[in-house]
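Colleague: sequence first, then the predicted structure, then my questions.
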Amino acid sequence: MIINKLNEIQMILTKLQIIIHHGGFFVLTGRNFKTFHSFEIGKEFQKAPFCTYTKLKAAIIKHIEVITCNCPFLGRHCCWFFKIAATDCPIGIGEVVRRVIGKALLSVIQNDTLEVTGCSQLCAGISSACEAVVHTVRSVYESDDAEGVFLVDASDAFISLNRGLALRNILHLCPFLGRVLINFYRKESSLFIGSDTLLFKEGTTQGDTLAMGMYAVASFPLINDLLTVNEVKQIWYADDTTGMGSVSKLRQWWDRINDLGQYYCYNPNVVKSTLLVKSYHFVKACDLFGNTNVSVTCDGVNVFGCPLGSDDYVKRELDR
C-alpha cells in the first residue's frame, strides 16, 4: 500500500512546475518554470541553497529525516497578528513550493485522514462539511431530546497547537501523514521578518495545505476523550465544536473541555462561545452556567452563517 502511494505521489510531482529563487525564498513565475521529471529535477533546483534534492525527496515520501531549522524549504515569512485585548503574536506564512508539494501529498493521503477521523472531525476533507454541520445541528435542536445547543470556539487553536504531542499522536493514528508532518514540523521553523529571524516552535504554518489535516487528526484524541460525557452529541469542524443535549450534561461537557484543553492546548474562548436553549430551559441554563461567563440565549445563534433559533430570530437574520 505504501509503495502504491509513493508511486502516486511521484506521478503528481512530475506534473508540478517549480522555480527556486536563489535567495532562499520560493517564487513561482510563468517565465521561469522548471518541471519535475521523475525527481530528476533541473540544474537550478539541484543547486538551490536550501537542501539537496535527495533530502527533499526523503523528507516528503520515504522516512523521517532530520532537517535543520535554517532549511529555507521550511522557512516562513513572518507577519504580526494583532488582537484586541490580547498580546500580538507572530504568524509564519509558508512558501509557495511547500504549499504546492503539500497539496500534492494531500491529494494522495486524504483518504487516510478520513479513515482516522470519520465523521468526528469534518475538517479532514469531507465534502460540504459546513452544510452538514448546519443540517445536523438544526435537526438535533428541533428534536424533543435536546434542551440546548452549545457552540464552542477556541482561542488561536492552530497557532497554539501542542506540536510535540500532536506529532506523536498523528504518527500513531495516521503513520503516512505523521512521517511527512514530522519532517515539516519537528524542528523549529525560521520566521523571517526584515533582517531578523525568530524560531517558531508551536502551532501550524498559515497557508500550509497540510495544516487542516494535521489539526483534524491531532484533535481526534481530544474528541474521543469528550465522548465520556454521555448523552451529549458533538460535532466538530476544526476548532469549532457544537455540543447538543440536556443543559446539565452540556455543563459537564463544558467542564470536561476546559480540563482536557489544558493538556491538548485547546483553550475555549468564553467570549465567542454561546449556549442556545429552548425558552422553557432558559432559567435552568442561566443557573448552571452563571459562573462561567458563557453567553446564554433562547433567541438564536448563527451556525456557520445560518440562523438557528426562534422563528423571529431566523426571520430577522434572513431579512438582513
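Modeller: Received, thanks. Note that the coordinates shown come from a computational prediction; the quantities given were computed from them, not determined experimentally. Residues are numbered from 1 along each chain as shown.
Colleague: so in the protein, which helix runs the longest?
Modeller: In the chain, assigned by DSSP state H, the helix with the most residues is helix 96-117.
Colleague: just the CA trace of it, in CSV.
Modeller: Only the C-alpha atoms of helix 96-117 are listed here, as CSV (Å, rounded to 0.1, in the frame of the first residue of the first chain):
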residue,chain,number,x,y,z
VAL,A,96,4.8,28.5,-2.4
VAL,A,97,6.8,25.3,-3.0
ARG,A,98,5.9,23.9,0.4
ARG,A,99,2.2,24.7,-0.4
VAL,A,100,2.3,23.0,-3.8
ILE,A,101,4.1,19.9,-2.5
GLY,A,102,1.7,19.7,0.4
LYS,A,103,-1.3,19.9,-2.0
ALA,A,104,0.1,17.0,-4.0
LEU,A,105,0.7,14.9,-0.9
LEU,A,106,-2.8,15.8,0.5
SER,A,107,-4.5,14.6,-2.7
VAL,A,108,-2.9,11.1,-2.0
ILE,A,109,-3.2,10.8,1.8
GLN,A,110,-6.6,12.5,2.3
ASN,A,111,-8.4,9.2,2.5
ASP,A,112,-6.0,8.1,5.3
THR,A,113,-7.0,11.0,7.4
LEU,A,114,-10.7,10.4,6.7
GLU,A,115,-10.3,6.8,7.8
VAL,A,116,-9.0,8.1,11.2
THR,A,117,-11.4,10.9,11.9
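Colleague: other residues contacting the next helix or strand after that helix?
Modeller: Later in the chain than helix 96-117, the nearest helix or strand by DSSP states H and E is helix 129-141. The list of residues contacting helix 129-141 from outside it, by CB atoms under 8 Å, 6 or more residues apart in numbering, reads 122-123, 126, 146, 148-149, 233, 235, 237, 242, 244, 276, 303-304, 306, 308. (C-beta placed from N, C-alpha, C; glycine too.)
Colleague: 6 Å - rerun?
Modeller: With CB atoms under 6 Å, 6 or more residues apart in numbering as the test, helix 129-141 has contacts from 122, 146, 149, 233, 235, 237, 242, 244, 303-304, 306, 308.
Colleague: list buried residues within those residues.
Modeller: Buried by 16 or more other CB atoms under 10 Å: 122, 146, 149, 235, 237, 242, 244, 303, 306, 308, out of the contacts of helix 129-141.
Colleague: am I right that the third one is in a strand?
Modeller: Yes - in this structure, Val149 lies within a strand as judged by DSSP: H, G, I helix; E, B strand; the rest coil.
Colleague: check what pLDDT the residue nearest to Glu202 when sequence neighbours are not counted gets.
Modeller: Excluding the flanking residues, the one nearest Glu202 by CB to CB, 6 or more residues apart in numbering is Arg163, at 5.1 Å. Arg163 carries a pLDDT value of 87.
Colleague: doesn't Phe200 make contact with Arg163?
Modeller: No - between Arg163 and Phe200 there is no contact under CB atoms under 6 Å: 9.3 Å.
Colleague: residue ranges for the strands of the protein, please.
Modeller: 19-20, 26-27, 76-81, 89-94, 148-152, 189-193, 196-200, 233-237, 240-245, 274-277, 295-297, 300-303, 306-309 (DSSP state E).
Colleague: worst mean pLDDT among these?
Modeller: Taking the mean pLDDT of the strands of the chain, strand 19-20 comes last: a mean of 32.
Colleague: what's the least confident helix or strand in the protein, going by average pLDDT?
Modeller: Every helix and strand of the chain was ranked by mean pLDDT, DSSP states H and E. The lowest is strand 19-20, at a mean of 32.
Colleague: from the buried ones among the contacts of helix 129-141, which is closest to Gln110?
Modeller: Using CB to CB, Leu122 comes nearest to Gln110 of those, at 13.1 Å.
Colleague: now do the contacts for that closest one.
Modeller: By CB under 6 Å, 6+ apart, the contact set of Leu122 is 129, 237.
Colleague: grab the nearest non-local neighbour of Ala154.
Modeller: Distance criterion CB to CB, 6+ apart; nearest residue to Ala154, sequence neighbours excluded, is Asp239 at 4.2 Å.
Colleague: against Ser155, how distant is the one you found?
Modeller: 9 Å (CB to CB, to the nearest Å).
Colleague: more neighbours, the two?
Modeller: A direct count of neighbours by other CB atoms under 10 Å for Asp239 and Ser155 places Asp239 higher, at 21 against 17.
Colleague: pLDDT score for that one?
Modeller: Per-residue confidence at Asp239 stands at 90 (pLDDT).
Colleague: next one: Thr204
Modeller: On pLDDT, Thr204 comes in at 77.
Colleague: again, but for Gln252
Modeller: On pLDDT, Gln252 comes in at 96.
Colleague: show me what contacts the closest residue to it other than its chain neighbours?
Modeller: Nearest residue to Gln252, sequence neighbours excluded (CB to CB, 6+ apart): Val229, at 5.1 Å. Taking CB under 6 Å, 6+ apart as the contact definition, Val229 lies against 252-253, 256.
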